[in-house]
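[1] Provided below are the primary sequence and the corresponding predicted coordinates.
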Amino acid sequence: MLVAQRHELLLRELRATGVVRIADLAARFGVSGETIRRDLTELAAAGHVTKVRGGAILATPTAPTGTPTDPGAATAARPPATAHTLGLLVPSATYYYPQVVEGVRAVAARRDARVVIGLTDYAQPRDLQQIDELRASGATGLLVASTGGHYLPSETLARLRAGDVPFVLLERQPANPYEACEYVASDHRQGAYGAAAHLKGLGHARVALYTNGSPTAPLIREGYGAAVDQLGLDPSAPIVDGGRPTLGHQEAARQYEAFIDACLASGTRAALIHSDHDAIQLMQRLRARGLRTPDDLALIAYDNEIAALAEVPLTAVAPPKYEIGEQAALLMLDRLDATESMATRQIYLQPRLIVRQSCGASAAAGA
């Protein structure tokens, strides 16, 4: 494969998913990891991508006002004395959050604000440390997606309130619904409900659920449960939480096989799978058993990170990740620029269902 061809395929995958990993690309293109690193370096130099640990994300496009194509240039440049600095805390730079980061950066570029990022790598003790470090870096406002579940740990909330820096939560909210705390979050309950309703509309009376123990999983289960109750779906369909085993690990393989067995034994021919990775693994195991998607088991994935790249492109629930970052940055900058007291704002954004081949939407399937 020519270098130019590889670059085009790499950019096409980035536009579809928002993030790529060096190890995945090396395996896909049959080249070394060093070759992919060199490709990403060249694409970054051209302003097409931003390198992150282990991969890359799309660079923020050039704004009409002449904002640099490389979002890192705006961050690295010395800000004017009156500019705001947004401290952005996220658990990961390689899955789910790259698009959130891009939404924040785009707004910051338009509003002449600086962004400083802190990463926790899902290590909960680092939350408090990173909050302190972002404050020390001069952040005038904090955008926080904490490690752990959807509900912010009380210790983290206390640390945020103890400082004099305003904050907005990203994809998180206080455990106490009456806390006066600003946040922007995806309505994952609505996303799961909509996926189950779509499968019901295709003729499936039973819809199984597989989740992976992530912070989003409890909300997906709530939305799925509401769909079972309100839409009259058969409650005997399998419900499994894999508890986040390592991808490719034997424990994960056993859980996938057991889930397929349970679906076949119960006559369930449709499933909502969180996440894309798990849906792709399940699809491959179905094929290995001589079964087909969607004929034998219709699938809808949750996250839409790499769903379009599956061997049978996956219908997927797509949380509005870019808009989450965008709206959170707007909330914060509006508050920082306000000359009068503002009401506390709490925003839910609905995920979209992107229909592809894996759900069998072209022809209703019986259950």
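    That came in fine, so what should we check first?

[2] could you pull up phi and psi at the spatially closest residue to Asp234 that is not a sequence neighbour?
    Counting by C-beta to C-beta, 6 or more residues apart in numbering, Asp234 lies nearest to Arg206, which is 4.3 Å off, once chain neighbours are set aside. For the C-beta atoms, the positions are set from N, CA and C on the backbone; glycine is no exception. Backbone torsions of Arg206, given as degrees, to the nearest 10, read phi -120, psi 130.

[3] now do the same contact list for Arg206.
    For Arg206, the contact set (C-beta atoms under 8 Å, 6 or more residues apart in numbering) comprises 233-234, 236-237, 266-270, 367.

[4] got any ranges where the stretch 151-300 of the chain has weak pLDDT?
    Low-confidence segments of the stretch 151-300 of the chain (pLDDT under 70): 245-248.

[5] can you give me the helices for it?
    In the stretch 151-300 of the chain, the segments counted as helices under DSSP state H, counting those that start in this stretch are 154-162, 188-201, 217-231, 250-266, 276-288.

[6] beta partners of Val52?
    Gly55 (DSSP bridges).

[7] mean neighbour count, the helices of the stretch 151-300 of the chain: which tops it?
    helix 188-201 (a mean of 23; mean count of other C-beta atoms under 10 Å).

[8] so what does it touch, helix or strand wise?
    Helix 188-201 is packed against helix 217-231, strand 270-273, strand 298-302, strand 315-318, strand 352-354, with contacts defined by 3 or more C-beta pairs under 8 Å, 6 or more residues apart in numbering; DSSP states H and E.

[9] now do 10 Å
    Other helices and strands packing on helix 188-201, by 3 or more C-beta pairs under 10 Å, 6 or more residues apart in numbering; DSSP states H and E, are strand 208-211, helix 217-231, strand 270-273, strand 298-302, strand 315-318, strand 346-349, strand 352-354.

[10] surely Val317 is in contact with Asn304?
    Yes. Between Val317 and Asn304 there is a contact under C-beta atoms under 10 Å: 6.7 Å.

[11] give me the common contacts of those two.
    Here Val317 and Asn304 share the contacting residues 351-354, scored by C-beta atoms under 10 Å, 6 or more residues apart in numbering.

[12] just the closest of those to Leu11, please.
    Closest approach between the shared contacts of Val317 and Asn304 and Leu11, by C-beta to C-beta: Ile354, at 20.2 Å.

[13] related to what we said a few turns ago, can I get the helices of the stretch 151-300 of the chain in CSV including distance to Ala45?
    Output for the helices of the stretch 151-300 of the chain, formatted as CSV (distance: least, C-beta to C-beta, whole Å):
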stretch, distance to Ala45
helix 154-162, 38
helix 188-201, 38
helix 217-231, 39
helix 250-266, 38
helix 276-288, 30
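
[14] out of those, which is closest to His7?
    Here helix 276-288 is closest among the helices of the stretch 151-300 of the chain (C-beta to C-beta), at 24.0 Å.

[15] what is the closest one packed up against?
    Checked by 3+ C-beta pairs under 10 Å, 6+ apart, helix 276-288 has strand 208-211, helix 250-266, strand 270-273, strand 298-302, strand 315-318 packed alongside it.

[16] reformat the ones you listed as CSV; add distance to Arg135.
    What follows is those, written out as CSV (distance: least, C-beta to C-beta, whole Å):
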stretch, distance to Arg135
strand 208-211, 35
helix 250-266, 39
strand 270-273, 39
strand 298-302, 34
strand 315-318, 33
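
[17] for the contacts of Arg206, which one is nearest Pro98?
    Closest to Pro98, out of all of those and judged by C-beta to C-beta, is Ala270, at 30.1 Å.

[18] ok, that closest one - contacts?
    The contact partners of Ala270, taken as C-beta under 10 Å, 6+ apart, are 195-196, 198-200, 202-208, 233, 237, 263, 294, 297-300, 359-360, 365, 367.

[19] out of the helices and strands packed on helix 188-201, flag the one nearest Gly325.
    Nearest of those to Gly325, taken as C-beta to C-beta: strand 346-349 at 10.9 Å.

[20] pLDDT on the closest one, on average?
    Computed over strand 346-349, the mean pLDDT rounds to 96.

[21] now do the buried residues in it.
    Buried positions in strand 346-349, judged by neighbour count with 16 or more other C-beta atoms under 10 Å: 346-347, 349.

[22] contacts only, for Gly55.
    14, 19-25, 36-37, 40, 49, 93-95, 98.

[23] can you say which of the helices and strands packed on helix 276-288 is nearest to Leu9?
    strand 315-318 (21.0 Å).

[24] which secondary structure elements does the closest one sit against?
    Contact here means 3+ C-beta pairs under 10 Å, 6+ apart; on that basis strand 315-318 packs against helix 188-201, strand 270-273, helix 276-288, strand 298-302, strand 352-354.

[25] redo those as JSON lines? Include distance to Pro215.
    Listed next are the helices and strands packed on strand 315-318 as JSON lines, based on distance: least, C-beta to C-beta, whole Å:
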{"stretch": "helix 188-201", "distance to Pro215": "10"}
{"stretch": "strand 270-273", "distance to Pro215": "17"}
{"stretch": "helix 276-288", "distance to Pro215": "15"}
{"stretch": "strand 298-302", "distance to Pro215": "13"}
{"stretch": "strand 352-354", "distance to Pro215": "20"}
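
[26] could you give me the average pLDDT of whichever strand or helix holds Ala4?
    For Ala4, the host element (DSSP states H and E) is helix 3-17. Summarised as a single mean, pLDDT over helix 3-17 is 76.
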